[in-house]
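Asker: Got a predicted model here, sequence first, then my questions.
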Amino acid sequence: MSNQTDFHVKENAETIIKEAAKLLCTPLQDELHIQTKSDADDLVTDKDKEVEDLFRTRIAEMYPEHKMIGEEGTGSEVNANKGTVWIIDPIDGTTNFVHQHYNFVISVGIYEDGEARVGVVYDVMNDEWFSAVRGAGFFHNDKQKKMAASGPYEESIIGLNARWLISKRFPRRAEVCRHIVRDIRATRSYGAAALEMAYTACGRLDGYLTMRVSPWDYAAGKLLVEEAGGKISDIFGQSLTFEGETSLLCAASDLHGTLSTAFSQSERE
Ligand code: IPD
Ligand code: CA
Ligand code: CA
């Protein structure tokens, strides 16, 4: 896609997002139909599915040659590295949505032959847009922003879910996380990975890290962070592969280096 085409696709993605957001503004009062998926923490509502269906319909109307992968099952057979693929999380932060917290977003990453071209994260209740087009920068609402260089480590504020401090599955990583919490200024947990990447891109967080995300969680956020001038990878500094679940770390370069080195070293000990 040319840069001009990317901007056009982004505008169309934003039009669909606005339509989808209307489905999500009212149900805070309505009764939601909530189901669990893999475990009690893994929720899906009728609204997640409605938003995903809306994207499937609109993309097929606008771009019949494009493919889509969505968290709720669309395109499970699609190869994210081939052709133009929209990777969508219809609601990132479903637990927040269900518990009537306001931090939930719609996340759309558009890839061409495995390369991110467009990323949009829309914070529905706060009406905030975070977006990027490859080579054209990161935008917070209409304002272009670049990430500042990392400041002193002890003054950092990092997005981290307390769950990872007590992880039985990853005891070494849990220990590194506890050191991080001890040594930095503060942690925050917003419960929506795409939003936490967007906050890192726009400077509200100095970084974000997690042990488990899926391609729809980071498809848009990856481009936002990169276009803002930051780094994004797994916690060991390896590239994200879009194959199944992965750990994730994003931050400005120096902080990213400090954190990925800490995780790599602890794994070798
Ligand atoms: C979840 C959120 C959460 C993250 C989980 C994701 P969902 O997405 O982003 O913050 O820790 O790994 O699965 O289920 O709300 O779309
Ligand atoms: Ca998600
Ligand atoms: Ca979701």
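Answerer: Noted; the coordinates are in hand. Ligands and ions are numbered 1, 2, ... in the order given.
Asker: Give the buried residues for stretch 224-241.
Answerer: For stretch 224-241, a neighbour-count test (16 or more other Cβ atoms under 10 Å) marks 224-235, 240 as buried. Yep, even glycine has a C-beta here, placed from its N, CA and C like the rest.
Asker: pLDDT score assigned to the residue nearest the centre of the chain?
Answerer: Central residue check for the chain by Cα atoms, centre = their mean: the C-alpha nearest the mean position is that of Ala194, 2.3 Å away. pLDDT, Ala194: 98.
Asker: now the host helix or strand of it, how far from the chain's geometric center?
Answerer: Using DSSP states H and E, Ala194 sits within helix 193-202. Here the centre of helix 193-202 is set off from its chain's centre by 7 Å, with Cα atoms, centre = their mean, to the nearest Å.
Asker: which element follows that helix toward the C-terminus?
Answerer: strand 207-213.
Asker: Parallel or antiparallel, list what pairs with that following strand.
Answerer: The pairing partners recorded for strand 207-213 under DSSP bridges are strand 157-159 (parallel), strand 246-251 (antiparallel).
Asker: give the contact list for the residue nearest to the centre of the chain.
Answerer: By Cβ atoms under 8 Å, 6 or more residues apart in numbering, the residues touching Ala194 are Asp89, Asp92, Gly93, Val105, Ser107, Val121, Asp217, Tyr218, Ala220, Gly221.
Asker: For this protein, which element, helix or strand, carries the lowest mean pLDDT?
Answerer: Scoring the helices and strands of the chain by mean pLDDT, DSSP states H and E places strand 43-45 at the bottom, with a mean of 80.
Asker: And the following helix or strand past that strand, what does it pack against?
Answerer: The helix or strand immediately downstream of strand 43-45 is helix 46-62, counting by DSSP H and E. If you count contacts as 3 or more Cβ pairs under 8 Å, 6 or more residues apart in numbering; DSSP states H and E, helix 46-62 packs onto helix 3-25, strand 67-70, strand 84-92.
Asker: Show the pLDDT at the residue in the chain that ligand 2 sits nearest to.
Answerer: Residue of the chain nearest ligand 2, by Cβ to the ion: Asp92 (3.8 Å). Looking at Asp92, its pLDDT reads 97.
Asker: One more: the one 3 residues further on?
Answerer: For Thr95, the model assigns a pLDDT of 92.
Asker: In the stretch 51-200 of the chain, where is pLDDT below threshold?
Answerer: Judged against pLDDT under 70, the stretch 51-200 of the chain has no low-scoring part.
Asker: mind listing the helices in it by residue range?
Answerer: Applying DSSP state H, counting those that start in this stretch to the stretch 51-200 of the chain gives helices spanning 94-98, 171-183, 193-202.
Asker: which one of these is the most hemmed in?
Answerer: helix 193-202 (a mean of 29; mean count of other Cβ atoms under 10 Å).
Asker: and the protein, which residues reach ligand 1?
Answerer: Within reach of ligand 1 by Cβ under 6 Å from any ligand atom, the chain has these residues: 71, 89, 92-95, 161, 191-193, 210, 212-213, 217.
Asker: Residue of the stretch 151-269 of the chain nearest ligand 1, please.
Answerer: Ala193 (3.5 Å; Cβ to the nearest ligand atom).
Asker: got it, and the stretch 1-150 of the chain?
Answerer: Nearest residue of the stretch 1-150 of the chain to ligand 1 (Cβ to the nearest ligand atom) works out as Thr94 at 3.8 Å.
Asker: Test my guess that Lys10 contacts Val133.
Answerer: Yes: using Cβ atoms under 8 Å, Lys10 is in contact with Val133, at 5.8 Å.
Asker: anything in contact with each of these two?
Answerer: With Cβ under 8 Å, 6+ apart as the test, Lys10 and Val133 both reach Val118.
Asker: The residue of the stretch 151-269 of the chain closest to ligand 1 and Asn79, how far apart?
Answerer: Ala193 sits 23 Å away from Asn79, going by Cβ to Cβ, to the nearest Å.
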